[in-house]
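Structure, please.
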Amino acid sequence: MAQLFYQATSANNITSTITATAAGQAVTFTEVTSAGDGTFDAPTPVSATFNGATEIDLTWVNHASTATGILIEQSTDGVTWTTTATLGDPTTTTYPATGLTAGQTYYFRVTGTK
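I've put the predicted structure just below:
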């Protein structure tokens, strides 16, 4: 098993991307930091744990006190995004991304919803 940990920058409006490959499976996470007023900050740090050839488990810390849920999106090109899940509990801090294809690069976005 491989683990990927990422610490987001504390600056505002910075786009950060990290890509990792383990056993031929690539995962990419992209994050854009938000204004830090404490009411709707981006979930950070997000980590991805490889859980077999077709699953990646995402975890994060929720910083958005006014969020009503969590939105998980994924992409294979970093341009076109598909909503993978909308989690109704804003205190949720984990999500298993399943049904992935080994060897395919995936990009994930985790954001709070209002």
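
what about the helices in the chain?
Ranges of helices in the chain, per DSSP state H: none exist.

Quick one, grab the pLDDT at the residue nearest to residue 51 when sequence neighbours are not counted.
Nearest residue to residue 51, sequence neighbours excluded (CB to CB, 6 or more residues apart in numbering): residue 57, at 5.0 Å. For the C-beta atoms, the positions are set from N, CA and C on the backbone; glycine is no exception. With respect to pLDDT, residue 57 scores 90.

Show me where this protein dips below the pLDDT cut-off.
Where the chain drops to pLDDT under 70, the residues are 1-42, 63-65.

And the strands in it?
3-5, 15-22, 25-32, 44-50, 56-61, 69-75, 82-87, 94-97, 106-113 (DSSP state E).

Return the set of buried residues in the last one.
For strand 106-113, the buried set under the neighbour-count rule, 16 or more other CB atoms under 10 Å, comprises 106-112.

partner strands of that strand, parallel or antiparallel?
strand 25-32 (parallel), strand 69-75 (antiparallel) (DSSP bridges).

before we move on, back to that, what residues are up against the residue nearest to residue 51?
With contact set as CB atoms under 8 Å, 6 or more residues apart in numbering, residue 57 has these partners: 48-49, 51, 94-97.

Could you pick out the buried ones from the residues you listed?
48-49, 95, 97.

quick one: the closest residue to residue 49 other than its chain neighbours and residue 80, what's the gap?
Counting by CB to CB, 6+ apart, residue 49 lies nearest to residue 57, which is 4.5 Å off, once chain neighbours are set aside. For residue 57, the distance to residue 80 equals 23 Å [CB to CB, to the nearest Å].

Thank you, goodbye.
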